[in-house]
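1. the following block contains a protein sequence and its predicted model.
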Amino acid sequence: MTVLIKGARPYGEGEPVDIRLGDGEILEIGTGLADDGAQVIDASGQVLLPGFVDLHTHLREPGREDTETIESGSAAAALGGYTAVFAMANTNPVADSVVITDHVFRRGQEVGLVDVHPVGAVTVGLEGKQLAEMGTMAAGTAGVRMFSDDGKCVHDPLLMRRALEYASSLGVLIAQHAEEPRLTEGAVAHEGATAARLGLAGWPRAAEESIVARDALLARDANTRVHICHASTAGTVALIEWAKAQNISITAEVTPHHLLLDDSRLETYDAVNKVNPPLREASDVAALRKGLADGTIDCVATDHAPHAEQEKCCEFSVARPGMLGLETALSIVVETMVRPGLLDWRGVARVMSERPAEIVGLDDHGRPIDVGEPANLVLVDPDASWTVRGPELASLSKNTPYESMTMQGRVTATFLRGRVTALGGQVTKRG
Ligand SMILES: NC(=O)N[C@@H](CC(=O)O)C(=O)O
Ligand SMILES: [Zn+2]
């Protein structure tokens, strides 16, 4: 079965073209291509981009299948335009062994809606004491290429140094959740005027920035790479800019929520806005947008973090941190970056697909839209407006901070190796 996309504009540039997909590849690009029995997708007015790659997704399987499964999370990813996601290791049991990482990988393949790449834990049980067997996980079926204790920081500097050296010898990446735990004990919100007024314990910027600075120096000395998860402060942007100027191999991601929301959202005490790192101030939001636009921040990653209703409806200080992200990411990037003129569609392809694929060394995603390239693609309607409704999301959890918000720009179709995985807001299971 071939697919014929009619009248799309690759990267939103030039005249509309038709694109034929088959055998997992882009077979033909031209105008007036014949249907030839293909599944025809009318893409007039739409932008064609390489499929998105998410370096930071929590799929909750194994252990919390009441909040998300590899199947439901894959559906959310496909609907959000993703063709590859990296599933974080803070599951139960923790993904600190090849048994778990290979299981997650195989389950992702069975579901078949998105390439699920397990992230391995850096330390056994995420306990920050002993390095996990990264080599075994890297050598397994899943070929784990990224390791992180995300949810927790690898805060022992000697252990972090050894992890970077070990990762370097394996050719894999360490992604750090930068949070100095002594500075965030009991903290639930960004340390600032809002938290002070609301009586919420503060999470200072320095808790993030001190680890970013330290890890940049450790990466320099180990002559290896480090990736910073969910950058949230203006100071982090400045530190990464400094480190890159020193030729330190550092990369960073920013979440859609840190590009859109600030701590003024906390006034209602609604725990849907509780997240790690916390929503910061408007000046941080502006610096993150600028950093993403100029390439200091490499990419957007969702930090999709599903939680059960009872974990989110309780008092702010006891609620679990984290918010949904996969199904709304593109719309928020359009709102925060495209509409203000900070990124064009080429730029969206860079931060949502090409850079994340490069950072983890995926060679079949984030590729140019050319004949012979893998057909991992997404169609976006820049003019479609839609209203976010939690119950309509594919995720098993409903903790979206964007409930009832109307957004402009929406994913209309996703293609994984030439197969339609999502179309018109519905996932298409393998037939
Ligand atoms: N971001 C969050 O607030 N929560 C994440 C963990 C994490 O990404 O740090 C989670 O697993 O729920
Ligand atoms: Zn994290």
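-> Cool, the structure landed. Ligands and ions are numbered 1, 2, ... in the order given.
2. was I right about H103 contacting P62?
-> Yes. Contact criterion C-beta atoms under 8 Å: H103 and P62 qualify, at 7.3 Å. Just so you know, the C-beta spots here come from the backbone N, C-alpha and C atoms, and that holds for glycine as well.
3. looking at these two, which has the bigger crowd around it?
-> The neighbour comparison of H103 against P62 (other C-beta atoms under 10 Å) goes to H103, with 20 against 17.
4. tell me the pLDDT at the more buried one?
-> The model reports H103 with a pLDDT of 98.
5. quick one: classify it as helix, strand or coil.
-> Look at H103: counting by DSSP: H, G, I helix; E, B strand; the rest coil, its state is helix.
6. who in the stretch 1-150 of the chain is up against ligand 1?
-> For the stretch 1-150 of the chain, the residues in contact with ligand 1 (C-beta under 6 Å from any ligand atom) are 58, 90, 150.
7. looking at the residues you listed, state which has the most neighbours.
-> Counting neighbours by other C-beta under 10 Å, H58 comes out on top of these with 28 neighbours.
8. one step back: show me which of the residues of the stretch 1-150 of the chain next to ligand 1 is closest to G390.
-> Checking these against G390 by C-beta to C-beta gives H58 as the nearest, at 17.2 Å.
9. which residues touch that closest one?
-> Counting by C-beta atoms under 8 Å, 6 or more residues apart in numbering, H58 makes contact with 68, 87-88, 90, 303-306, 322.
10. now, the most widely separated pair of these?
-> Within the contacts of H58, A87 and G322 form the most distant pair, 14.3 Å apart (C-beta to C-beta).
11. looking at those two, which one has more neighbours?
-> Taking other C-beta under 10 Å, A87 and G322 do not tie; A87 has more neighbours (30 against 22).
12. would you mind confirming that that one makes contact with V119?
-> Yes. The pair A87 / V119 is scored as a contact, 6.2 Å apart, by C-beta under 8 Å.
13. right, and A231 touches L239 too?
-> No. A231 is beyond contact range of L239, at 9.2 Å (criterion: C-beta under 8 Å).
14. who has more neighbours, those two?
-> A231 (30 against 26).
15. please enumerate the shared neighbours of A231 and L239.
-> In contact with both A231 and L239: V212, using C-beta under 8 Å, 6+ apart.
16. how close does L217 get to ligand 1?
-> For L217, the distance to ligand 1 (C-beta to the nearest ligand atom, to the nearest Å) stands at 23 Å.
17. distance check, that residue against A175.
-> Computed as C-beta to C-beta, to the nearest Å, the L217 to A175 distance reads 17 Å.
18. what's the answer for L183, then?
-> 20 Å.
19. okay, those two: which has more neighbours?
-> Shown here are L183 and A175; by other C-beta under 10 Å, A175 has more neighbours (31 against 17).
20. is it fair to say the more buried one lies in a helix?
-> No. Going by three-state DSSP, the assignment for A175 is strand, not a helix.
21. so who does it touch?
-> 55-56, 119, 146-148, 150, 227-229.
22. closest to R289 among those residues?
-> I228 (16.8 Å).
23. tell me what that closest one is bridged to.
-> Bridge pairing for I228 (DSSP bridges) gives the partners Q176, A252.
24. does it really touch V212, like I thought?
-> Yes. Under the criterion of C-beta under 8 Å, I228 makes contact with V212 at 5.7 Å.
25. list residues touching both of these two?
-> Residues touching both I228 and V212 (C-beta under 8 Å, 6+ apart): 176, 178, 236, 240.
26. for R205, give me the backbone phi and psi.
-> In terms of degrees, to the nearest 10, the main-chain angles of R205 are phi -60, psi -40.
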